[in-house]
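Engineer: need the 3D shape of this:
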Amino acid sequence: MKHTTKTVLAATTAALAAFICQPSAQAQSADTLIDKLVEKGVLTVKEGQALRDESDKDFTRAYSAKTGMPEWVTAMKWNGDFRTRFEGFYSDNPAAVDRNRLQYRLRLGLTVDMMDGVEMGVRLASIGDTASNPISSNQTFDNNASKKGLSIDMAYGKWTAINNDRWFASFTVGKMENPMQFTPIVVDPDYTPEGFGQQVVLHLNPEHDLKLNLGQFVLEERGASSLDTYMMGAQMLWDGKWGKHWTTQLGIGTLAISGKDSLTVANGQLNIGEGNTRVGGAVGGAPQYHFNPVIVDAGVGYTFDEVPMYPGAFPVRLAGEFMHNPTAPRDNEGYSVKLTLGKAGKKKTWEFSYELRELQRDAIYEELPESDFNAFTQKEFTTGGTGGFVNGTNVRGHIFKLGYSPFDSLTFFATYWITENISETPAGSNSRAGRLQLDAVWKF
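Structural biologist: Numbers count the residues shown, from 1 in each chain. Next comes the predicted model:
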């Protein structure tokens, strides 16, 4: 019997080693096969665990030999998405010119998982219409089909030091996904900051988590000067589940930007957005006020077991965020309220959302908020401003969005923005604008 067991173990181990040498097979597939052998009585639970340990060792050796990667590399994962977009800008202001354009955005990422909770990631993205734009990778179909470029969108190293039933702690350095979970009135979702990020999670119980997100980022490093600009961020979140249907989230956070006097075009800032009050009233001047906003957010969700014309459970969520910058004497607040029905992303699922949003002039640094949130500014209030369909701050409006996924890998979105400037220049000019976006998003 012992001889037979050893023979089965040896044969199965060899088969697993050959199987997992294939790039598409992972440890999860090996575990499934072992579970089946245990379930059918071919192996005992103890023998199954011994085989699992042995197959893990063989997988590491086989994977290393086949790929040429070091033994401490346990997995490589590709991910990304490709989005095409039709976009139209419309305004009743006689000074405005309605326009239409076609765009694409490409993102291609690679994550390398290693032993001891170590991870390295890199993501390339289309450069966009403005080179090095930190909040957009949209590339317009233009210039007689000229070749388009790619840029480094993320490049980071991460160490997950603790990951158990009670605690989670990770540390990240490089150009990374934003560790803070603020809405787009604070930071554009495409913004990938540079510096350090930390996340600590306390699992209070299976249904409640307490999260601390921290970040220390570089905004402007000046040569031959010590007047560099940094942005620090901290956010505390409480995520809760209340039985089968209800979820809640409550958070409070802050950003602190030091060295505001270096935030000028002359020092390398791109002036993607407009709206802040500037020293001397010129767009080339530094912001007049500091940016130390306090940000509070809350959300509540309910999941219906089923609704007509939607496969599976149907989520409904109402969320809001409020921001106040105490260092500016006026025009220093922003808020958003959003209702979302459903969730697109899986086959035959759909979603609809409505958002009311306002972002006053000096609530936040104008280069950070969502790039798509803009109005028609006939003449920018700072000298040298560009005017036109300008994003940044000093904007309020409504956002309607509808999405549908015919397949897991493909989702269609239609979004319409109705916006206007809070303070118009010249006073009384018509800044109201409409913006239509029709997207097709392929993901993998």
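Engineer: Gln235 in helix, strand or coil?
Structural biologist: Using DSSP: H, G, I helix; E, B strand; the rest coil, the three-state assignment for Gln235 comes out as strand.
Engineer: just confirm it contacts Gly253, I think it does.
Structural biologist: Yes. Here Gln235 reaches Gly253: they are 3.2 Å apart, a contact under CB atoms under 8 Å. C-betas here are computed from N, CA, C, even on glycine.
Engineer: which pLDDT value goes with the most centrally placed residue in the chain?
Structural biologist: In the chain, the residue lying closest to the centroid (CA atoms, centre = their mean) is Pro189, at 4.7 Å. Per-residue pLDDT puts Pro189 at 96.
Engineer: what residues of the lengthiest strand in the chain count as buried?
Structural biologist: The longest strand of the chain (DSSP state E) is strand 73-91. Across strand 73-91, burial judged by 16 or more other CB atoms under 10 Å covers Val73, Thr74, Asp81, Arg83, Arg85, Glu87, Phe89, Tyr90, Ser91.
Engineer: with only the CA atoms kept, save stretch 320-334 in PDB.
Structural biologist: What follows is stretch 320-334, C-alpha atoms only, in PDB (Å, rounded to 0.1, in the frame of the first residue of the first chain):
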ATOM      1  CA  GLY A 320     -21.600  62.100  -1.800                       C
ATOM      2  CA  GLU A 321     -18.400  64.000  -1.100                       C
ATOM      3  CA  PHE A 322     -17.800  67.500   0.300                       C
ATOM      4  CA  MET A 323     -14.500  69.400   0.200                       C
ATOM      5  CA  HIS A 324     -13.500  72.600   2.000                       C
ATOM      6  CA  ASN A 325     -10.200  74.500   1.600                       C
ATOM      7  CA  PRO A 326      -9.800  76.600   4.800                       C
ATOM      8  CA  THR A 327      -6.700  78.500   3.500                       C
ATOM      9  CA  ALA A 328      -8.800  80.400   0.800                       C
ATOM     10  CA  PRO A 329     -11.200  83.100   2.100                       C
ATOM     11  CA  ARG A 330     -13.900  82.400  -0.400                       C
ATOM     12  CA  ASP A 331     -14.800  80.200  -3.400                       C
ATOM     13  CA  ASN A 332     -13.200  77.400  -1.500                       C
ATOM     14  CA  GLU A 333     -15.600  74.500  -1.600                       C
ATOM     15  CA  GLY A 334     -16.700  71.600  -3.800                       C
END
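Engineer: burial measure for Leu202, as a count.
Structural biologist: 13 (other CB atoms under 10 Å).
Engineer: ok, the host helix or strand of it: who's next to it in the sheet?
Structural biologist: Take DSSP states H and E as the rule and Leu202 turns out to sit in strand 194-205. Applying DSSP bridges, strand 194-205 is found paired with strand 167-175 (antiparallel), strand 208-220 (antiparallel).
Engineer: reformat those as TSV; add distance to Trp442 and mean neighbour count.
Structural biologist: Converted to TSV, those look like this (distance: least, CB to CB, whole Å; neighbours: other CB atoms under 10 Å):
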stretch	distance to Trp442	mean neighbour count
strand 167-175	24	17
strand 208-220	30	18
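Engineer: just so I know, which of the ones you listed lies nearest Phe322?
Structural biologist: Comparing the strands paired with strand 194-205 by their distance to Phe322 (CB to CB), the top pick is strand 208-220, with 18.0 Å.
Engineer: roughly how far is the closest one from the heart of the chain?
Structural biologist: Mean-position distance between strand 208-220 and its chain equals 14 Å (CA atoms, centre = their mean, to the nearest Å).
Engineer: also stretch 414-432?
Structural biologist: The answer for stretch 414-432 is 27 Å, by CA atoms, centre = their mean.
Engineer: again, but for stretch 36-51
Structural biologist: On CA atoms, centre = their mean, the centre of stretch 36-51 falls 42 Å from that of its chain.
Engineer: now stretch 119-127
Structural biologist: 13 Å.
Engineer: again with stretch 126-143
Structural biologist: 18 Å.
Engineer: which of the residues in it are buried?
Structural biologist: Ser126, Ile127, Gly128, Asn133, Pro134, Ile135, Ser136, Ser137, Asn138, Gln139.
Engineer: show the end-to-end separation of that stretch, please.
Structural biologist: Stretch 126-143 has an end-to-end distance of 16 Å (criterion: CA to CA, to the nearest Å).
Engineer: one step back: okay, and the common contacts of Gln235 and Gly253?
Structural biologist: In the contact map built from CB atoms under 8 Å, 6 or more residues apart in numbering, the residues linked to both Gln235 and Gly253 are Met180, Phe182, Asn213, Ile295.
Engineer: and the last one, bridged to which residues?
Structural biologist: Each beta-bridge partner of Ile295 is listed here, defined by DSSP bridges: Gly253, Met323.
Engineer: quick check: the gap between it and Met323.
Structural biologist: The gap separating Ile295 from Met323 is 5 Å, by CB to CB, to the nearest Å.
Engineer: where do the contact lists of the two overlap?
Structural biologist: Common neighbours of Ile295 and Met323 are listed as Val186 (criterion: CB under 8 Å, 6+ apart).
Engineer: so where's this protein shaky on pLDDT?
Structural biologist: 1-30, 33, 42, 51-52, 54-67, 380-386 (pLDDT under 70).
Engineer: how does it look with 90?
Structural biologist: Scanning the chain for pLDDT under 90 picks out 1-75, 95, 128-132, 222-227, 264-274, 280-285, 377-391, 424-429.
Engineer: all helices for it, in order.
Structural biologist: With helices called from DSSP state H, the chain shows them at 2-20, 27-39, 45-67.
Engineer: so what sits opposite His172 in the bridge?
Structural biologist: To be clear, residue 172 is Thr; His isn't right here. Here Thr172, judged by DSSP bridges, has bridge partners Lys158, Gly197.
Engineer: show me what contacts the closest residue to Gly195 other than its chain neighbours?
Structural biologist: Leaving aside its sequence neighbours, Gly195 sits nearest to Phe217 (CB to CB, 6 or more residues apart in numbering; 3.7 Å). Neighbouring residues of Phe217 by CB under 8 Å, 6+ apart: Pro193, Glu194, Gly195, Phe196, Tyr230, Met231, Met232, Gly233.
Engineer: my read: Val187 touches Glu177, true?
Structural biologist: No. Contact between Val187 and Glu177 fails when scored by CB under 8 Å: they sit 11.3 Å apart.
Engineer: pick out whichever of the two has more residues nearby.
Structural biologist: Taking other CB under 10 Å, Val187 and Glu177 do not tie; Val187 has more neighbours (23 against 15).
Engineer: that'll do, ta.
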